[in-house]
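Asks: Any chance you can model this:
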Amino acid sequence: MSNTQCRDFDWSGELHKTVVHSLTTTFGLDFLLLEDKAGGDVDTVHNVRNGVWATKKAERAYQSRGQYDSHAYHSHENYIAKGREDKAAQKNGELYDAYRNKTMGQREDRHLDHTVSAHEIHNDAGRVLAEANGVELANQSSNLNSTGAYVNIKKSNQTTEQFLNNHSAYKEQKIASIQLNQDKLKSMPENTPQQRHEKQKLQDKIRKDQEHLEELNAVNPEKMQAADDTARKAYNAEVNYAYYTSSKFFKNTTAAAANQGIRMGARQALGLVLAEIWFELKAQLPKMYHECKQKFSLEKFFQRIQKTLQNIWTRVTTRFKDLLTSFKDGFLGGILASINSTILNIFVTTNKLVGKLIRESWQSLVKAVKLIFFNPERLALGDLAREVSRLLGAGLSVTLGVILNQQLAILFKFPFGQELAAFVSAMATGLMTIGMTYFLDHSPLMQKVWNFLNQFKSKYRQALEEFQKINTELDRYLVELSKLEFNMDPVELKEFTDSLLQANDEYQRSMVLATEINRRNISLPFETGNVGETRNWLKKL
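Replies: From the prediction side, this is the model:
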C-alpha cells in the first residue's frame, strides 16, 4: 500500500460517517423500535414444548387447556375397536407384542397401551398450540400397541424414554421383593388353617412377582423404542401439519414479518434523518460558537438557528429518494429476517443475540442481492464483485459489532454503561468497516482480483464493444472519404449537398452517394448496394 493511497483515503471522514450511521441505527434506535427476544415473534411447536412463548395469547390458551380426562381417551371408538381386534388376534395366537418382540400367549393378561401416553398428549403444548384434538391423536392406530398388563401399568403416564431409564430399577425392585418374600416364606409356620392361608397368599405374591419380572425381562428396549419412534413420528407429523398449514400460523407469521419490516424500515429511514441532522449541526455549531464568542446578538443567534434548521430541512429533502430506498431496504430486510427467524425456530430456539444477528445480516444481504441482480450502474464483473464484497464486509462488521455490544452490555453494569457499550461497539464497527473498505478498494492483491474479473465480459457487452469498434472505423473511413478531392466547382458542390439534404431516408441518400461515386469513378472496397459484400468488409475491420 502506498503512502499516496493512504493520503487520498479520508480515514477520519469515512470513520465519522460510519460511526454516526451505526449509532443512529443498529446501536441507537433498536431499543426504541425493535425488541429482540428468545424464540422470535411467532410461536412454534418446538419452542412452546420447551416453554418458550412468543405471545401471551398462546401461553394463556395452554394454561386454560383443562384437566386430563382419562375416560375420554380410553373410551374412543378407535381404542375400543383396536382392543377387540387385538383380543381376537390373541385368542388365535397371532397377537404381536411390539414392546417385547414376541407373540403374546393366549392366556397372558393383556393391556392396550397408548405408546405416546394420553396424559402426555393432553398436556403437550405443541398440540394445544395447533388446536388439535388430543383424543383423536392419541387413538391413531400407530399409537396403540398391546403388551403385557404389568408393563403397561409400570409405564403408565411415562414416556418410553423415561420407562426405559427406570427399567433396570423396576427389575431390581422385583428381584429384591421376591428374595425378601422367599426368605420370609421359609420361616412362616403352617400349623393352623390361618397360617397356611397367609403362607399361600405370600406364595401367590411371589409367583405374581416372578411373572411380573418375566414380563420386565422380556421387554426389548430397542423394539420398544422403535415402536415409540414410529408412534411419535406420526403424532408429531399430525401436530406440525395441523399448525404449520393453518391460517393461524400464516396470519401470525405475516403479521410478525410486516411488523418487523415496518420497524426496520423506520429505523433505517429515521437513522438516515438523524445522521443528516448531526452532519449539519457538526458543520454549523462551530460557526455559531465563533460568532457568539466575537459579538453576541440575540437576533443573529436566532437567524443562525433558523438558517441551520433550513439547511437541515434542505439536506433531508434532498435525500428524500435515499430515505425511501433506506425504508424499502429496511422493510424488505425486516420481513426476510422475521421469516428466517420463524423458520429457524421451527427446529431450534434462537436467543436474543441470534435474532439480532439475523436481522442485521439481512440488511446487507438485501443490498447485495439487489446489486447483483439489478446492477443499476452496469458495472463490470470485477467492479460488481468489489461492491458486493464491500456490502457483505460492512454486514460482517456490523455482526461482529453486535456480538461485541452484547458482551460489553454484560460487563458494563455501571451508570451509563449501556450507552458506553453502544459507543464502543459503533466505533469498533466503524473501524472494521473502514478497514475492510480500504482493503477491498486499495490493496494491490484485491486490485489484481478485480482487474482479472473485469476481463470476463458478458456476450452482450462483447457485442456492444464490437459494434463500437465498427462504428469508430466507419467514422474514420467517412472522415478520410470527406478529405478526397472531388474536383467539384461550387455550383456542383451545392447541387450535391442539396440532393443529400432533400433525401428522406437512408436509401435515397445511398442512391445519391452511389450516383456521385460512379460518376467520379471512386474505387470502394465493396460493391455499392451489395449488402453481402458490405457485411463481409465490415467483418474484416
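Asks: which stretches of the stretch 1-150 of the chain form helices?
Replies: Using DSSP state H, counting those that start in this stretch, the helices of the stretch 1-150 of the chain run over residues 3-8, 11-24, 30-33, 45-49, 56-63, 70-74, 77-91, 118-122, 125-129, 134-138, 149-155.
Asks: now the stretch 251-400 of the chain
Replies: Using DSSP H, counting those that start in this stretch, the helices of the stretch 251-400 of the chain run over 298-318, 320-347, 352-374, 381-411.
Asks: now those helices as JSON lines including distance to N220, mean pLDDT and mean neighbour count?
Replies: Where C-beta positions appear, they are placed from N, C-alpha and C, glycine not excepted. What follows is the helices of the stretch 251-400 of the chain, written out as JSON lines (distance: least, Cβ to Cβ, whole Å; pLDDT from 0 to 100; neighbours: other Cβ atoms under 10 Å):
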{"stretch": "helix 298-318", "distance to N220": "74", "mean pLDDT": "75", "mean neighbour count": "13"}
{"stretch": "helix 320-347", "distance to N220": "31", "mean pLDDT": "83", "mean neighbour count": "19"}
{"stretch": "helix 352-374", "distance to N220": "41", "mean pLDDT": "73", "mean neighbour count": "19"}
{"stretch": "helix 381-411", "distance to N220": "49", "mean pLDDT": "74", "mean neighbour count": "18"}
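Asks: Out of these, which is closest to S156?
Replies: Closest approach to S156 among the helices of the stretch 251-400 of the chain (Cβ to Cβ): helix 320-347, 30.8 Å.
Asks: Check which helices and strands that closest one sits against.
Replies: Identification of packing neighbours for helix 320-347 by 3 or more Cβ pairs under 8 Å, 6 or more residues apart in numbering; DSSP states H and E yields helix 45-49, helix 247-294, helix 352-374.
Asks: Nearest the geometric middle of this protein, what residue?
Replies: N340 (2.5 Å; Cα atoms, centre = their mean).
Asks: where are the low-confidence patches of the stretch 401-541 of the chain?
Replies: 457-465, 467-468, 474-494, 526, 528-531, 538-541 (pLDDT under 70).
Asks: what pLDDT does the residue nearest to E136 when sequence neighbours are not counted get?
Replies: Using Cβ to Cβ, 6 or more residues apart in numbering and skipping the chain neighbours, the partner closest in space to E136 is H76 (7.6 Å). On pLDDT, H76 comes in at 93.
Asks: In contact with H76, which residues?
Replies: 135-136, 138-139 (Cβ atoms under 8 Å, 6 or more residues apart in numbering).
Asks: And the protein, split by domain according to the record?
Replies: Using automatic domain parsing, the domain ranges for the chain come out as 3-40+248-452, 70-244, 459-539.
Asks: which one of these lies closest to K56?
Replies: Nearest of the domains of the chain to K56, taken as Cβ to Cβ: domain 3-40+248-452 at 12.3 Å.
Asks: neighbours of A256, just the number please.
Replies: Counted by other Cβ atoms under 10 Å, the residues lying close to A256 total 22.
Asks: Isn't it up against S338?
Replies: Yes: the criterion here is Cβ atoms under 8 Å, and A256 meets it with S338 at 5.3 Å.
Asks: can you list residues touching both of the two?
Replies: Contacts common to A256 and S338, judged by Cβ under 8 Å, 6+ apart, are 40-42.
Asks: Compare those residues and tell me which is most surrounded.
Replies: Taking other Cβ under 10 Å as the neighbour criterion, G40 ranks highest of those with 29 neighbours.
Asks: Contacts only, for that one.
Replies: Per Cβ under 8 Å, 6+ apart, neighbours of G40: 47, 54, 256, 338, 341-342, 344-345, 350, 355.
Asks: Excluding chain neighbours, give the residue nearest to it in space.
Replies: S341 (4.3 Å).
Asks: Distance of the closest residue to Y62 other than its chain neighbours relative to D43?
Replies: The shortest distance from Y62 to any non-neighbouring residue, by Cβ to Cβ, 6+ apart, is to V128 (4.8 Å). From V128 across to D43, the span is 11 Å (Cβ to Cβ, to the nearest Å).
Asks: can the helices and strands packed on helix 320-347 go into CSV with extra columns for distance to V116?
Replies: Below are these laid out as CSV (distance: least, Cβ to Cβ, whole Å):
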stretch, distance to V116
helix 45-49, 13
helix 247-294, 23
helix 352-374, 31
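Asks: looking at these, which is closest to R107?
Replies: Of these, nearest to R107 by Cβ to Cβ is helix 45-49, at 41.3 Å.
Asks: avg pLDDT for that closest one?
Replies: Per-residue scores along helix 45-49 average to 92.
Asks: send the alpha carbons of it over as CSV?
Replies: Taking Å, rounded to 0.1, in the frame of the first residue of the first chain, the C-alpha atoms of helix 45-49 are listed here in CSV:
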residue,chain,number,x,y,z
VAL,A,45,-44.3,-26.1,18.2
HIS,A,46,-40.7,-26.7,19.1
ASN,A,47,-40.5,-23.5,21.2
VAL,A,48,-43.7,-23.9,23.2
ARG,A,49,-42.7,-27.5,24.0
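Asks: what's the spacing between stretch 512-523 and its chain's center?
Replies: How far stretch 512-523 lies from its chain's middle: 71 Å, per Cα atoms, centre = their mean, to the nearest Å.
Asks: Give me the buried positions along it.
Replies: 512-513, 516 (16 or more other Cβ atoms under 10 Å).
Asks: Make a markdown table from those residues and add distance to I80 and secondary structure to it.
Replies: Listed next are the buried residues of stretch 512-523 as a markdown table, based on distance: Cβ to Cβ, whole Å; DSSP: H, G, I helix; E, B strand; the rest coil:
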| residue | distance to I80 | secondary structure |
| --- | --- | --- |
| V512 | 103 | helix |
| L513 | 102 | helix |
| E516 | 108 | helix |
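Asks: Just give me the closest of these to A226.
Replies: A226 lies nearest to L513 out of the buried residues of stretch 512-523, by Cβ to Cβ, at 90.9 Å.
Asks: Return the distance of the closest one relative to A503.
Replies: According to Cβ to Cβ, L513 and A503 sit 9 Å apart.
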